[in-house]
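Visitor: Compute the structure for the input listed below.
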Amino acid sequence: MEYFVNCNTSTLAQYTPPLDKVRAAHLYRRLGFSASVQTIDTATGQNAGTLVDTLIGNALAMPPLAAPAWADWNNSNYPADDDLARQLRRAQQEEWAVAYTNGLVTNNLRDRLSFFWSNHFVTEIDVYDCNSFLYYYINCLQRNAIGNFKTFVSEIGLTSAMLYYLDGVYNNGNNPNENYARELYELFTLGEGNGYTEQDIIETAKALTGYVERGELGCEQVTFDPTRFDAGPKTILGQTGNWNYDDVIDILFQERPNEIAGFICQKLYEFFVHPDTDDPFVQSIISELANTMVTNNFEIAPVLSQLFKSQHFFDDEAIGVIIKSPFDLYLNLINETNFAYNDNTILNVVDTTRMLGQTLFDPFDVAGWQRDRTWINTNFIIGRWLTVEVFLEMFFQGNQEQFRTLAMNAVGMGDSNTSNPETVVRALVNKFTPLGLLTDQDFENAMSVFKIEDVPEEYYGSDYIPGGLGLWMLSVSPEVPQQVFLLLMHLSRQPEFQLK
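Guide: Numbering: from 1, shown residues only. Next up is the predicted model:
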């Protein structure tokens, strides 16, 4: 697939026209995991600013997931038998994966952001291997996803998941471990080589010492041991004193606000707008967003509000230019079809995304999934085709008539009883691709899949062929569910289907 170059020259001035269907769908594909026909229809014609305010307000008000029964378990709560303990841990992880992924499916900005931040403040459950740590890590992501970035940085670094993952739990005053200090600057706040030195890392590691009390039972929350803290003077980003953990965060945001904001706003831009940020004009857009972040004391919501309401976000050059991640692929399909699903469907999503390189709670390494082009290679594209077909087959076996319902909803009330197959195909193509299919021939190919073989053209009504018999009707013809199913199978293999 050819890589998209960012040619967007629109500004951050507010987008004022009423949202059309293309832009309403674009908004939901980026701020969540897409949406049903009904949700897009409701959004169509609305003011972008008003709708974005609602979505951001909902995200700010949303509480984190309720704590599971095992949220505060340690190793003493598990069976003594290792095999039984492993089985119970696995069952708990599946329970939490279903709860968390169901939050993603329900299409809210808060959980889209928590998913984004899990790939920024990376941890890997395979490394820290403790379910209670996982709960508190996700809780931290959700509480801070659209809050204050400085608070977020401070809190995430003291989660036991992070302390174990980046060796903070082994960072003793008499033997500092530099791993977390390095990633704090390089990956979490400033970007590689941007405004810090190796000596800053060494000194910062000393200030972060002492969070090493691990308990005796295993899988206990890490606490601070003042006897293991380096109480000597440290010089960090030009400031000298007997600095501790809180001081590091204060100094970092005091001395490098513009560098932090620029780095974070570029990541937000690449995730929500376009993966290519090399263009000088695009860099000026990111600088404006960074200025908004600094001006608002690192509150995340004002930055997102400015971006999501902008002409730049809704520009044609921003639509359909990001390759879907595996989670996008399947969760978008669930939301866009509005087909019935259950917890087993969600577990299938979690298992399938793992096969395609996106393991929930376990990114590839500390740098996270690199997104976009990395999701597409010879093996992954075939896997994407085949697995989407499996999901469609499961939905079809579960309830064939929901495929007819999807088509009727897609064409709208006025055409729900249409006898014109082109009306149906056009509506479904537009629903499942950001900007339609590339060529007229591609659309004709989709039409050929939808129309039943060996049936005379006259089977389709007068809307399609003047004087036709009009035997086929969307609302009643028995073959419609299979036609829609075959069309979706065909569309799922088109390049445009891989984009959002």
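
Visitor: all strands for the stretch 301-450 of the chain, in order.
Guide: Assignment of strands within the stretch 301-450 of the chain using DSSP state E, counting those that start in this stretch yields no ranges at all.

Visitor: give me the number of residues near residue 288?
Guide: Other residues near residue 288 come to 17 when the count uses other CB atoms under 10 Å. Bear in mind the C-beta positions are built from the backbone N, C-alpha and C, glycine included.

Visitor: nope, residue 413 is what I meant
Guide: Close neighbours of residue 413, defined as other CB under 10 Å, add up to 9.

Visitor: how about the helices of the stretch 51-200 of the chain, start to end?
Guide: Using DSSP state H, counting those that start in this stretch, the helices of the stretch 51-200 of the chain run over residues 82-105, 109-118, 125-128, 131-144, 149-156, 160-165, 179-183, 198-207.

Visitor: Give me whichever of those helices is most buried.
Guide: Among the helices of the stretch 51-200 of the chain, helix 160-165 has the highest mean neighbour count (mean count of other CB atoms under 10 Å), at a mean of 24.

Visitor: mind checking how far residue 339 is from residue 215?
Guide: Spatial separation of residue 339 from residue 215 under the definition CB to CB, to the nearest Å is 46 Å.

Visitor: same deal with residue 188?
Guide: Using CB to CB, one obtains 26 Å as the distance from residue 188 to residue 215.

Visitor: okay, those two: which has more neighbours?
Guide: It is residue 188, of residue 188 and residue 215, that has more neighbours when counted by other CB under 10 Å, with 24 against 12.

Visitor: so what's that one up against?
Guide: 120-121, 153, 156 (CB atoms under 8 Å, 6 or more residues apart in numbering).

Visitor: ok, back up a step: any chance of the helices of the stretch 51-200 of the chain in CSV, with distance to residue 40 and mean pLDDT too?
Guide: Written out in CSV, the entries for the helices of the stretch 51-200 of the chain read as follows (distance: least, CB to CB, whole Å; pLDDT from 0 to 100):
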stretch, distance to residue 40, mean pLDDT
helix 82-105, 16, 96
helix 109-118, 16, 97
helix 125-128, 35, 95
helix 131-144, 26, 98
helix 149-156, 31, 98
helix 160-165, 37, 98
helix 179-183, 40, 98
helix 198-207, 47, 98
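
Visitor: Of all pairs in the contacts of residue 188, which one is the farthest apart?
Guide: When the contacts of residue 188 are compared pair by pair using CB to CB, the two farthest from each other are 120 and 153, 10.3 Å apart.

Visitor: quick one: residue 451 and residue 421 touch, right?
Guide: Yes. The pair residue 451 / residue 421 is scored as a contact, 5.9 Å apart, by CB atoms under 8 Å.

Visitor: any common contacting residues for these two?
Guide: Common contacts of residue 451 and residue 421 (CB under 8 Å, 6+ apart): 460, 483.

Visitor: The two: which has the busier surroundings?
Guide: Each of residue 451 and residue 421 had its neighbours counted (other CB under 10 Å), and the higher figure belongs to residue 421 (22 against 19).

Visitor: contacting residues around that one?
Guide: Contact criterion CB under 8 Å, 6+ apart gives 447, 450-451, 460, 464, 472, 483 as the residues in contact with residue 421.

Visitor: Ok, residue 424 next?
Guide: Taking CB under 8 Å, 6+ apart, we find residue 424 in contact with 407, 410-411, 418, 450, 474, 484.

Visitor: Let's see that with 6 Å instead.
Guide: 407, 411, 474 (CB atoms under 6 Å, 6 or more residues apart in numbering).

Visitor: and residue 299, how far is that from residue 150?
Guide: 9 Å.

Visitor: how about the nearest residue to residue 136, chain neighbours excluded?
Guide: In space, and not counting its chain neighbours, residue 136 is closest to residue 159: 5.6 Å by CB to CB, 6 or more residues apart in numbering.

Visitor: For the one you found, give me phi and psi.
Guide: Per-residue torsions, residue 159: phi -70, psi 140 (degrees, to the nearest 10).

Visitor: ok, it touching residue 139?
Guide: No. Here residue 159 lies out of contact with residue 139, judged by CB atoms under 6 Å, at a distance of 8.7 Å.

Visitor: picking that back up, who wins for proximity to residue 38 among the helices of the stretch 51-200 of the chain?
Guide: The closest approach between residue 38 and any of these, judged by CB to CB, belongs to helix 82-105 at 15.4 Å.

Visitor: roughly how far out does the closest one sit from the chain middle?
Guide: In terms of CA atoms, centre = their mean, to the nearest Å, the gap separating the centre of helix 82-105 from the centre of its chain is 20 Å.

Visitor: can you check stretch 145-162 too?
Guide: Mean-position distance between stretch 145-162 and its chain equals 18 Å (CA atoms, centre = their mean).

Visitor: Give me the below-cutoff pLDDT ranges for the stretch 151-300 of the chain.
Guide: Filtered on pLDDT under 70, the stretch 151-300 of the chain yields no residues whatsoever.

Visitor: returning to what we had before: for the contacts of residue 424, which single residue is the most surrounded?
Guide: Looking at these with neighbours defined as other CB under 10 Å, the largest count falls to residue 407 at 28 neighbours.

Visitor: Could you report the separation of it from residue 382?
Guide: Here residue 407 is placed at a distance of 28 Å from residue 382 (CB to CB).

Visitor: can you check residue 213 too?
Guide: As it turns out, when the distance is counted by CB to CB, residue 213 lies 49 Å from residue 382.

Visitor: Burial check on residue 17, number of neighbours?
Guide: Close neighbours of residue 17, defined as other CB under 10 Å, add up to 10.

Visitor: So it, which state does it fall into?
Guide: What DSSP: H, G, I helix; E, B strand; the rest coil gives for residue 17 is coil.

Visitor: can you pull the pLDDT of it?
Guide: For residue 17, the pLDDT comes out at 98.

Visitor: for residue 470, same thing?
Guide: pLDDT at residue 470 comes out at 59.

Visitor: Residue 457 too?
Guide: Checking the pLDDT column for residue 457, the value is 61.

Visitor: For the residue nearest to residue 136, give its distance to residue 480.
Guide: On the measure of CB to CB, residue 159 and residue 480 end up 51 Å apart.

Visitor: cool, and residue 142?
Guide: 41 Å.

Visitor: Same question for residue 265.
Guide: According to CB to CB, residue 265 stands 47 Å off from residue 480.

Visitor: Could you export stretch 106-115 as CSV, CA atoms only?
Guide: As requested, C-alpha coordinates have been extracted for stretch 106-115 and formatted as CSV (Å, rounded to 0.1, in the frame of the first residue of the first chain):
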residue,chain,number,x,y,z
THR,A,106,-18.8,1.3,23.2
ASN,A,107,-17.1,4.0,21.2
ASN,A,108,-16.1,6.6,23.6
LEU,A,109,-13.2,9.0,23.5
ARG,A,110,-12.0,8.3,27.0
ASP,A,111,-11.2,4.7,26.2
ARG,A,112,-9.8,5.5,22.7
LEU,A,113,-7.4,7.7,24.6
SER,A,114,-6.6,5.2,27.3
PHE,A,115,-5.7,2.8,24.5
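
Visitor: ok, and what's touching it?
Guide: 31-33, 35, 55, 59, 62, 103-104, 141-142, 145-146, 335.

Visitor: In JSON lines: those, plus distance to residue 167.
Guide: Output for those, formatted as JSON lines (distance: CB to CB, whole Å):
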{"residue": "31", "distance to residue 167": "35"}
{"residue": "32", "distance to residue 167": "35"}
{"residue": "33", "distance to residue 167": "34"}
{"residue": "35", "distance to residue 167": "41"}
{"residue": "55", "distance to residue 167": "38"}
{"residue": "59", "distance to residue 167": "33"}
{"residue": "62", "distance to residue 167": "33"}
{"residue": "103", "distance to residue 167": "30"}
{"residue": "104", "distance to residue 167": "30"}
{"residue": "141", "distance to residue 167": "21"}
{"residue": "142", "distance to residue 167": "25"}
{"residue": "145", "distance to residue 167": "25"}
{"residue": "146", "distance to residue 167": "29"}
{"residue": "335", "distance to residue 167": "39"}
